[in-house]
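J.: Dropping a prediction and its sequence here:
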Amino acid sequence: MPVDVKERKRLYRLVNRLHRENGEKVTSYAAFLMSIQEKEDREELRIIEERTDAPTIPWEVVERELGL
């Protein structure tokens, strides 16, 4: 999910105001979270590729079965 430029600038200002030690902790934690997200993304892509040829159910059938 792309981050808005204004949100990036706001986050940069917040991190920039931290003491160096805390800034390093935040940076390290952010890198950790990004690595988890990348791992999850790779896993989701693997599952999508694995199921590319799987049969699908038309939306109209899903709507009818769920009573939507």
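T.: Alright, I've got the coordinates. Residues are numbered from 1 along each chain as shown.
J.: which residues in this structure form helices?
T.: Under the criterion DSSP state H, the chain carries helices at the ranges 5-16, 20-50, 59-66.
J.: can you tell me which of those the model trusts least?
T.: Ranked by mean pLDDT, those end with helix 5-16 at the bottom, a mean of 84.
J.: by contact count, what packs against that helix?
T.: Packing partners of helix 5-16 (3 or more C-beta pairs under 8 Å, 6 or more residues apart in numbering; DSSP states H and E): helix 20-50. Just so you know, the C-beta spots here come from the backbone N, C-alpha and C atoms, and that holds for glycine as well.
J.: related to what we said a few turns ago, switch the helices of the chain over to JSON lines; also include mean neighbour count.
T.: Compiled in JSON lines, those are given as follows (neighbours: other C-beta atoms under 10 Å):
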{"stretch": "helix 5-16", "mean neighbour count": "10"}
{"stretch": "helix 20-50", "mean neighbour count": "10"}
{"stretch": "helix 59-66", "mean neighbour count": "9"}
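J.: Extract the C-alpha set from stretch 61-68 and format it as CSV.
T.: Only the C-alpha atoms of stretch 61-68 are listed here, as CSV (Å, rounded to 0.1, in the frame of the first residue of the first chain):
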residue,chain,number,x,y,z
VAL,A,61,-23.8,-17.1,-7.4
VAL,A,62,-22.0,-15.8,-4.3
GLU,A,63,-24.5,-13.0,-4.0
ARG,A,64,-27.4,-15.3,-4.3
GLU,A,65,-26.0,-17.8,-1.8
LEU,A,66,-25.2,-15.1,0.7
GLY,A,67,-28.6,-13.4,0.2
LEU,A,68,-27.1,-10.1,-0.9
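J.: Need the residues that contact it.
T.: Where contact means C-beta atoms under 8 Å, 6 or more residues apart in numbering, no residue beyond stretch 61-68 reaches it.
J.: and if you look at stretch 12-30?
T.: Looking at stretch 12-30 with C-beta under 8 Å, 6+ apart, no contacting residue turns up.
J.: gap between it and the chain center?
T.: 21 Å (C-alpha atoms, centre = their mean, to the nearest Å).
J.: Now do it: distance from first to last residue.
T.: This stretch, stretch 12-30, spans 12 Å end to end (C-alpha to C-alpha, to the nearest Å).
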